[in-house]
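S.K.: predicted model and sequence follow; I will ask about them next.
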Amino acid sequence: MTDTHATAPALLDGYEISADTARIDADRVHRWLSTDAYWAMDRAREHQDRAISGSLNFGVYDSVSGEQVAYARVVTDHATFAWLCDVYVDRAVRGKNVGTALVAAVRDHLEPLGLRRIMLATEDAHGVYEKVGFAALAEPGNWMALVLR
């Protein structure tokens, strides 16, 4: 069983995390994801805007300039299940625990909902997610996907 209360490194002073969708810099998020994220390469702007509007969104912001430096999105029914996706940290702030702190904040935000599980997929950031309690699927053979494109 995964320790859902695993601690994450504290976010460095000078940054703040918010779940206020109105603060999301949609232009920046689209640029990050469509040009630098293997899972969203060439994603159309209208698709990204729809994804933002239909999801629970989190941003990390420089507390002085207000500039967004990271993003995460959650698709959820707010009762049983959540899918954490589109987690991106600007290259300029990587290595400062921004990603781990963001994922921990998402986990903590969702905890009161009593969800059965939060899922995600990653090719290269397992260590970030393991720090906050995520683990490989215990029974991956139970899971299926319908890939539409």
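M.R.: Yep, it's here. These numbers were taken from a predicted model, which means no experiment stands behind them.

S.K.: which helix is the longest one in the protein?
M.R.: helix 98-110 (DSSP state H).

S.K.: now do whatever helix or strand comes next after that one: distance to the chain's middle.
M.R.: Next helix or strand after helix 98-110 toward the C-terminus (DSSP states H and E): strand 117-119. Taking CA atoms, centre = their mean, to the nearest Å, one finds strand 117-119 lying 12 Å from the centre of the chain it belongs to.

S.K.: and stretch 135-149, by the same measure?
M.R.: Distance, centroid of stretch 135-149 to centroid of chain: 19 Å (CA atoms, centre = their mean).

S.K.: and it, what's buried?
M.R.: Across stretch 135-149, burial judged by 16 or more other CB atoms under 10 Å covers no residue at all. (C-beta placed from N, C-alpha, C; glycine too.)

S.K.: so for it, mean pLDDT?
M.R.: Averaged across stretch 135-149, the pLDDT comes to 92.

S.K.: and stretch 107-115, by the same measure?
M.R.: Taken as a whole, stretch 107-115 has a mean pLDDT of 96.

S.K.: for that stretch, measure first residue to last.
M.R.: 10 Å (CA to CA, to the nearest Å).

S.K.: and for stretch 86-101?
M.R.: 15 Å.

S.K.: which residues are in contact with that stretch?
M.R.: Applying CB atoms under 8 Å, 6 or more residues apart in numbering, the external contacts of stretch 86-101 come out as 8-12, 15, 17, 29, 32-33, 36-37, 39-40, 51, 60, 69-73, 102-103, 120, 125, 128, 131-132.

S.K.: which residue ranges of the protein form helices?
M.R.: 26-36, 45-53, 98-110, 126-130.

S.K.: just those: most buried one?
M.R.: helix 98-110 (a mean of 21; mean count of other CB atoms under 10 Å).
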